[in-house]
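Student: coordinates for the following, if possible.
(2 chains)
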Amino acid sequence: MSAASGLDIAGLSVGYGARRIIDKLDLDGISASSVTALVGPNAAGKTTLLRSLAGLIPARGSIRLDGRELSGLDPASYAREVSYMPQTLPPRVALSVFEATLSALQSSALTQDIDPKRESLDVLRRLGIADLAMRGLDELSGGQRQLAALAQCLVREPRVLLLDEPTSALDIRHQLTVMKLVGEVARERGIIVVVVLHDIALAARWCDRIIVLSQGHIIADGTPAQAITPAMLASVYGVEARVERCSHGFVQVMVDAVKGDPASAG
Amino acid sequence: MTGLSPQAPLGQSVPDLPAGAARTPHLIAADPIDAYARRQRRRLAILAGLLAIMAAGMLVDIATGPSGLSIGAVLRTLLDPAAAEPGIRVIVWEVRLPAALMAVLVGAALALAGAEMQTILNNPLASPFTLGVSSAASFGAALSIVLGLAIPGLPGNWNLPLFAFLFAFGSVLLLQALARLRGTGVETLVLFGIAMVFTFNALVALVQFVASQEALQQLVFWSMGSLARATWAKLGVLAAVLAVLVPLALRDSWQMTALRLGEDRARSFGIALGRLRFASLLRVSVLTGTSVAFVGTIGFIGLVAPHIARLLVGEDHRFYLPASVLTGAGLMSLASVGSKLIVPGTLLPVGIITSLIGIPFFVTLILSRRGNLG
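Tutor: Numbers count the residues shown, from 1 in each chain, chains lettered A, B, ... in the order given. Okay, the predicted model is just below:
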């Protein structure tokens, strides 16, 4: 992989009014064919960072993809490279899953040289929701709508896929399904995936790299074993926790107590 | 783009996912692409049905009136005016056809304006009537009637429509200006629209308070909405407006469909939301301004027609927008017929009918709805 490959962020600052959420954040070499998790406590700035990477909120600084600056691109060109799945579920509107997927292609004329209907169906099949294709978004469960939203991102075949809590409405099996699929798609198509997750165990199990964010700053960055440590959990989340490996070698977190509050110990 | 590689769907590795297609390919009777094509054909048939209802409504509208005509006589007079009896020809061509066409065009314009507003402002209660555009037009009309404002050189009967149009247009531009302020959400726009309703209604009341008896009567009648003011010149203007704006709205139909999935999602598809909203509100202002200027305040068509269209064909805007247009046109035709039949021998202002009949009909429809993908 060349030095310029992947996603590089330098001096990124984002704020709402006078309030600075992210201040001069640097992040190098988020590489292709991998899944990077953004974890951190509530109000750490995870969603803000993801939305600024998606080009949805104005940010100062540099966002480079394979050495090319993305910041100045027009919305259509930006969206051709970067796809973003918001945390909120798609609203219950009178559109079928198939139409919603199709609109992700047709609304920005991403239809040259492809059969948009076939592409949409392929993605729905890949996600295992082809049998929901003709169902309305207003007839689906929360988890099904989350999968439909993921289909709208995947069908656009972006270089960078940004997912904000893609498993929040899913049961444990669908969490596994989606995270496995995201990893497979990243490797198959050489795309860069950045995913915000609250569940540290899920992040440790399925992500190649974990970035811990707190108050808009990077606290830890590395492989799951490097980033998730009792010291990090104590300083960022304020909990006393053990970090162990299960029989399959995956990092597990056991939270014993809220720091400084013996009464919370189990 | 190359497409996802044809790997095994995840449904195969996790046995009881909702993945019928993945687990049991032989049981999948309907390919979703075929099912989609069938649904599209059904929607086209619904559009054809709406067109037929609108045409029938228009014929009945022309046939209905103080001197009753048969549908056959109407058709013969329309198709071969030269051969028709002069009296009938005058009634059909000079009196009833302009009014019937005006009903259809105004219904179409208000419905398209309402449909676009509901999507752009993401609010099912948005319509020219509920967000102050009609009230602003009434205020413009009130100024013209009561204060006798006139543009030099303009024929006298065009002054009122012009003032109504200018105020309707101005109110949408005001909405638009607010929309462009950074951080203004659609909720703020809707609240602002509601504030405009009350403000302009108060201003109209103020003008009414100082108006002479005669001007007051004229203003009240105007604000009730009437098709009797139709002329061929006004029809030409409204037809031209629709001929330009309907295709422009349809050109944005995929983007509006995507917008129904949420603002963030639409923007992440690369849609320039500011441009889309500006273009749409500009269309809404011209459509509403022209309609209200020519026929006065017509309530609820812009609110009800899009809802009916949504129930019939779903929210793929390639179908939803035309269905709204045809539904609005048909409803106005039927309201026009109603305005002549409810009190025999009297032509009630059509605006009263749209409100009186439209709303119970609408509530019934909402309460009885089942699937709504068309």
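Student: leaving aside the residues next to it on the chain, what's closest to A:Gly11?
Tutor: Counting by CB to CB, 6 or more residues apart in numbering or on different chains, A:Gly11 lies nearest to A:Gly61, which is 4.0 Å off, once chain neighbours are set aside. In short, each C-beta sits where N, CA and C put it, glycine included.
Student: and the strand or helix carrying that neighbour, what's buried?
Tutor: Using DSSP states H and E, the element containing A:Gly61 is strand A:60-65. Along strand A:60-65, these residues count as buried under the neighbour rule (16 or more other CB atoms under 10 Å in any protein chain shown): A:Gly61, A:Ile63, A:Arg64, A:Leu65.
Student: separation between the first one and A:Pro75?
Tutor: Read it as A:Gly61. As judged by CB to CB, to the nearest Å, A:Gly61 and A:Pro75 stand 19 Å apart.
Student: now the third one
Tutor: Look at A:Arg64 and A:Pro75: by CB to CB, they are 18 Å apart.
Student: tell me which parts of the stretch 201-350 of chain B are close to chain A?
Tutor: B:254-255, B:257-258, B:260-262, B:264-272, B:310, B:314-316 (CB under 8 Å from any CB of the partner chain).
Student: right, and the helix or strand after the helix or strand containing A:Lys180?
Tutor: Assigned by DSSP H and E, A:Lys180 falls within helix A:172-189. Next helix or strand after helix A:172-189 toward the C-terminus (DSSP H and E): strand A:192-196.
Student: who's in contact with the helix or strand just after that following strand?
Tutor: As assigned by DSSP H and E, the chain's next helix or strand after strand A:192-196 is helix A:200-206. When contacts are defined by CB atoms under 8 Å, 6 or more residues apart in numbering or on different chains, helix A:200-206 is touched by residues A:35, A:37, A:39, A:167, A:175, A:179-180, A:182-183, A:195, A:197, A:210, A:224, A:228, A:250-253.
Student: go ahead and build a ChimeraX selection from the buried members of those residues.
Tutor: Entered in ChimeraX, the line below selects the buried ones among the contacts of helix A:200-206, by 16+ other CB under 10 Å:
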select /A:35,37,39,167,175,179,182,183,195,197,210,224,228,251,253
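Student: for stretch B:197-205, which positions count as buried?
Tutor: B:Val197, B:Phe200, B:Leu203, B:Val204.
Student: now, those residues that are in helices?
Tutor: Counting by DSSP state H, the part of those found in helices is B:Val197, B:Phe200, B:Leu203, B:Val204.
Student: for the strand holding A:Gly61, output the C-alpha coordinates as CSV.
Tutor: Extracted C-alpha coordinates of strand A:60-65, given in CSV (Å, rounded to 0.1, in the frame of the first residue of the first chain):
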residue,chain,number,x,y,z
ARG,A,60,-11.7,23.2,9.1
GLY,A,61,-8.7,21.2,8.2
SER,A,62,-7.8,18.5,5.7
ILE,A,63,-9.5,15.3,4.8
ARG,A,64,-7.5,13.4,2.2
LEU,A,65,-8.5,10.2,0.4
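Student: partners of it, with directions?
Tutor: Using DSSP bridges, the strands paired with strand A:60-65 in its sheet are strand A:7-16 (antiparallel), strand A:68-69 (antiparallel).
Student: I'd like the buried residues of strand A:60-65 as a markdown table, with pLDDT and distance to B:Pro32 appended.
Tutor: Shown next, in a markdown table, are these (pLDDT from 0 to 100; distance: CB to CB, whole Å):
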| residue | pLDDT | distance to B:Pro32 |
| --- | --- | --- |
| A:Gly61 | 92 | 43 |
| A:Ile63 | 94 | 37 |
| A:Arg64 | 93 | 39 |
| A:Leu65 | 94 | 33 |
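Student: and the residues you listed as TSV, adding distance to A:Ala133?
Tutor: Below are the buried residues of strand A:60-65 laid out as TSV (distance: CB to CB, whole Å):
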residue	distance to A:Ala133
A:Gly61	41
A:Ile63	35
A:Arg64	37
A:Leu65	32
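Student: from A:Thr36, how far off is A:Thr48?
Tutor: 17 Å.
Student: one more: B:Met117?
Tutor: B:Met117 sits 41 Å away from A:Thr36, going by CB to CB.
Student: on that earlier part again, and the residue nearest to A:Gly11, what does it touch?
Tutor: A:Ile9, A:Ala10, A:Gly11, A:Leu12, A:Ser13, A:Lys24, A:Leu25, A:Ser71.
Student: derive a ChimeraX selection command for the buried subset of the residues you listed.
Tutor: Buried members of these, defined by 16+ other CB under 10 Å, are picked up in ChimeraX with:
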select /A:9,12,25
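Student: could the contacts of A:Gly61 be laid out in a markdown table, adding distance to B:Gly87 and pLDDT?
Tutor: Converted to a markdown table, those look like this (distance: CB to CB, whole Å; pLDDT from 0 to 100):
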| residue | distance to B:Gly87 | pLDDT |
| --- | --- | --- |
| A:Ile9 | 81 | 93 |
| A:Ala10 | 84 | 93 |
| A:Gly11 | 83 | 92 |
| A:Leu12 | 79 | 92 |
| A:Ser13 | 79 | 92 |
| A:Lys24 | 85 | 89 |
| A:Leu25 | 83 | 91 |
| A:Ser71 | 74 | 84 |
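Student: and the contacts of A:Gly61, which is closest to A:Val93?
Tutor: Closest approach to A:Val93 among these (CB to CB): A:Ser71, at 32.1 Å.
Student: how about A:Cys243, secondary structure?
Tutor: Not quite, residue A:243 is Val, not Cys. Put simply, A:Val243 is strand when judged by DSSP: H, G, I helix; E, B strand; the rest coil.
Student: gap between it and B:Val343?
Tutor: Taking CB to CB, one finds A:Val243 at 83 Å from B:Val343.
Student: the more surrounded of the two?
Tutor: A:Val243 (18 against 9; other CB atoms under 10 Å in any protein chain shown).
Student: show me what contacts the more buried one?
Tutor: Applying CB under 8 Å, 6+ apart to A:Val243 gives the contacts A:Ile228, A:Thr229, A:Pro230, A:Leu233, A:Val251, A:Gln252, A:Val253, A:Met254.
Student: now the residues you listed as JSON lines including distance to B:Ala108 and pLDDT?
Tutor: As requested, the contacts of A:Val243 are exported to JSON lines (distance: CB to CB, whole Å; pLDDT from 0 to 100):
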{"residue": "A:Ile228", "distance to B:Ala108": "61", "pLDDT": "93"}
{"residue": "A:Thr229", "distance to B:Ala108": "66", "pLDDT": "93"}
{"residue": "A:Pro230", "distance to B:Ala108": "68", "pLDDT": "93"}
{"residue": "A:Leu233", "distance to B:Ala108": "63", "pLDDT": "93"}
{"residue": "A:Val251", "distance to B:Ala108": "63", "pLDDT": "87"}
{"residue": "A:Gln252", "distance to B:Ala108": "64", "pLDDT": "88"}
{"residue": "A:Val253", "distance to B:Ala108": "61", "pLDDT": "89"}
{"residue": "A:Met254", "distance to B:Ala108": "66", "pLDDT": "89"}
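Student: counting neighbours, what do you get for the residue of chain A found nearest chain B?
Tutor: Scanning chain A for the residue nearest chain B gives A:Ala79, at 2.9 Å (criterion: CB to the nearest CB). A:Ala79 has 25 neighbours, counted by other CB under 10 Å.
Student: tell me which residues touch the closest residue to it other than its chain neighbours, please.
Tutor: Sequence neighbours aside, B:Gly270 is the residue nearest to A:Ala79 in space, at 2.9 Å (criterion: CB to CB, 6+ apart). Residues near B:Gly270 by CB under 8 Å, 6+ apart: A:Pro75, A:Ala76, A:Ser77, A:Tyr78, A:Ala79, A:Arg80, A:Ser107, A:Ser108.
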